[in-house]
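[1] based on what follows, work out the 3D shape:
(2 chains)
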There are 2 protein chains.
Amino acid sequence: MKIEVMKALMEDNASNAQKLRNLFSEKEVLVLNLISSPGSGKTTLLEKTLAELKDRYSIGVIEGDITTARDAERLTQFNIPQVVINTDGACHLNANSIEKALESFDLDALDLLFVENVGNLVCPSEFDIGEYAKIAMVSTTEGDDKPAKYPLLFQEAKLALLNKTDLIPYTNFNSDAFYRDLQNINPGIPVLEMSCITNDGLSGWFEWIIAELKKRRIHND
Amino acid sequence: MKIEVMKALMEDNASNAQKLRNLFSEKEVLVLNLISSPGSGKTTLLEKTLAELKDRYSIGVIEGDITTARDAERLTQFNIPQVVINTDGACHLNANSIEKALESFDLDALDLLFVENVGNLVCPSEFDIGEYAKIAMVSTTEGDDKPAKYPLLFQEAKLALLNKTDLIPYTNFNSDAFYRDLQNINPGIPVLEMSCITNDGLSGWFEWIIAELKKRRIHND
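    Residues are numbered from 1 along each chain as shown, chains lettered A, B, ... in the order given. So this is what the prediction gives:
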């Protein structure tokens, strides 16, 4: 009975997610689903990204959190459309919750929509929300073994971000081990190293986003 | 239907967990359920703890991981009874999986059983596994806002561990904010600050365990 219900829920989510994907494609909105452990730096990355790109593109944010609007409050300074989804205990966002949040956005006016998922390296990876790409973020202080121990996210992601490179000297993070595991799990996945505190490597992230925005337009023209 | 099934599953788990709790009490085994985000330092803490206590007490470990036996491999040097539970994608351990793992231990001979749960600040908190205490571990590099954003674990825990204090100088971790939130969520919860790399603060953790082992014996005599 449990398995049947889970299967029905997943199928329901997949079909909702496909509807959303079609909608995002039609409206030319690039949707990026940021997934990581708690405290890897997703909100800080969004702060830096909004500061850099908000005057060039029309950007929206959906903040997924179990409770509180703390992450969203950090982004209000940028005056962009933003919705908080409080999951009230649930460990991930799903297509249904995203669909409801979309009522607050003008998709015709939007270029780019970031979804900051609930801080969790496990469950959000299982739920398609119609995004163009899942972005797997991991910080050096979490250790080099995260791709091997939590493989699904790194299999599903189109891009991996290795954050907090400024702290490598103070940890036992082994870059070779990290890359070896990651390439076994998802051969060829691009990785961007960065520090959201020192700003090292952020330009590569901005360029990746801009290139994706351009691809989407060419594809749809 | 979903809610009914979830309710049935949770009730089933709670009743299994109560059976295990009775068993652990009868056998005088102190069971500690370590819960944190991925990479907060649970396995390193176990390495330090086994090195310190394994000659004084009979200790076992259950390692919960989605896949791989990497954490368990780090502990084989201590020659203690150990079982790996690979959840195969599932985001938490439950009482049923613990009950199966117990077949590999001689509970009559055991003083202390550590359960290292799946790295996840959300889901493991919802599942009672018959433990004496949930231990909430958080590292300074994850930021000071984790208790406020993931309150259930910190409500449920009997003890909080703040790890990686050696990295505070390199982060924007705000101790006052951390303690204020935590005391709002669980007034009076004890907190032990530590660095599993420099060993600062570990003695307080060893003393906490030893005091709990003594309490248990007095209570049962």
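
[2] please see if the helix or strand where residue A:134 lies touches chain B.
    In the assignment (DSSP states H and E), residue A:134 maps to strand A:133-139. Yes: with Cβ under 8 Å from any Cβ of the partner chain as the threshold, strand A:133-139 lies in contact with chain B, specifically through residue A:139. Backbone N, C-alpha and C define where each C-beta goes, glycine included.

[3] can you list contacts of the helix or strand following that strand?
    Read in the C-terminal direction, the helix or strand following strand A:133-139 is helix A:146-149, with elements assigned using DSSP H and E. Where contact means Cβ atoms under 8 Å, 6 or more residues apart in numbering or on different chains, the residues beyond helix A:146-149 that reach it are A:37, A:121, A:138, A:154, A:160, A:178, A:181-182, A:184-185, B:38-39, B:65-68, B:70-71, B:119.

[4] now helix A:146-149: mean pLDDT?
    Taken as a whole, helix A:146-149 has an average pLDDT of 98.

[5] packing partners of the host helix or strand of residue A:181?
    Using DSSP H and E, the element containing residue A:181 is helix A:175-185. For helix A:175-185, the helices and strands in contact under the criterion 3 or more Cβ pairs under 8 Å, 6 or more residues apart in numbering or on different chains; DSSP states H and E are helix A:146-149, helix A:151-156.

[6] again, only this time at 10 Å
    In terms of contacts (3 or more Cβ pairs under 10 Å, 6 or more residues apart in numbering or on different chains; DSSP states H and E), helix A:175-185 is packed against strand A:133-139, helix A:146-149, helix A:151-156, strand A:159-163, strand A:191-193.

[7] packed most tightly, which of the ones you listed would that be?
    When the helices and strands packed on helix A:175-185 are scored by mean count of other Cβ atoms under 10 Å in any protein chain shown, the highest mean neighbour count falls to strand A:133-139 (a mean of 25).

[8] what about that one, distance to the chain center?
    The gap between where strand A:133-139 is centred and where its chain is centred comes out at 6 Å by Cα atoms, centre = their mean, to the nearest Å.

[9] okay, now the unreliable bits of chain A?
    Across chain A, the ranges flagged by pLDDT under 70 are A:1-2, A:218-221.

[10] helix/strand/coil for the residue nearest the centre of chain A?
    Centroid check for chain A by Cα atoms, centre = their mean gives residue A:34 as the closest residue, at 1.2 Å. Recorded secondary structure, residue A:34: strand (DSSP: H, G, I helix; E, B strand; the rest coil).

[11] quick one: distance of the helix holding residue A:181 to the chain centre.
    From the chain centre to the centre of helix A:175-185 is a distance of 21 Å (Cα atoms, centre = their mean).

[12] alpha carbons only: can I get it in PDB?
    The C-alpha coordinates for helix A:175-185 follow below in PDB (Å, rounded to 0.1, in the frame of the first residue of the first chain):
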ATOM      1  CA  SER A 175      40.000  17.800  -4.300                       C
ATOM      2  CA  ASP A 176      41.200  14.800  -6.200                       C
ATOM      3  CA  ALA A 177      38.800  12.500  -4.300                       C
ATOM      4  CA  PHE A 178      35.900  14.800  -4.800                       C
ATOM      5  CA  TYR A 179      36.400  15.100  -8.600                       C
ATOM      6  CA  ARG A 180      37.100  11.300  -9.000                       C
ATOM      7  CA  ASP A 181      33.800  10.400  -7.300                       C
ATOM      8  CA  LEU A 182      31.800  13.100  -9.100                       C
ATOM      9  CA  GLN A 183      33.000  12.000 -12.500                       C
ATOM     10  CA  ASN A 184      32.200   8.400 -11.700                       C
ATOM     11  CA  ILE A 185      28.700   9.400 -10.800                       C
END
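
[13] for it, give me every contacting residue.
    A:136, A:138, A:140, A:143-155, A:157, A:160, A:162, A:165, A:168, A:174, A:189, A:191, A:193, B:68, B:70 (Cβ atoms under 10 Å, 6 or more residues apart in numbering or on different chains).

[14] ok, residue A:74 - contacts?
    Taking Cβ under 10 Å, 6+ apart as the definition of contact, the neighbours of residue A:74 are A:43-44, A:46-47, A:63, B:145.

[15] counting neighbours, which of the residues you listed comes out on top?
    Within those, most neighbours by other Cβ atoms under 10 Å in any protein chain shown means residue A:63, with 27 neighbours.

[16] and that residue, that's in a strand?
    Yes: the assignment for residue A:63 (three-state DSSP) places it in a strand.

[17] before we move on, back to that, got the contact list for the residue nearest to the centre of chain A?
    Contact criterion Cβ under 10 Å, 6+ apart gives A:40-43, A:45-46, A:49, A:61, A:64, A:114-117, A:124, A:131, A:133-137, A:161 as the residues in contact with residue A:34.

[18] what about 8 Å?
    Remark: with contacts taken as Cβ under 8 Å, 6+ apart, residue A:34 is in contact with A:42, A:45-46, A:114-117, A:135, A:137.

[19] residue A:112 too?
    Residues in contact with residue A:112, defined by Cβ under 8 Å, 6+ apart, are A:29-30, A:32, A:53, A:57-60, A:209, A:213.

[20] residue A:30 touches residue A:113, doesn't it?
    Yes: contact criterion Cβ atoms under 8 Å: residue A:30 and residue A:113 qualify, at 7.2 Å.

[21] all helices of chain A, in order?
    Assignment of helices within chain A using DSSP state H yields the ranges A:2-26, A:42-53, A:70-75, A:95-102, A:146-149, A:151-156, A:175-185, A:202-220.
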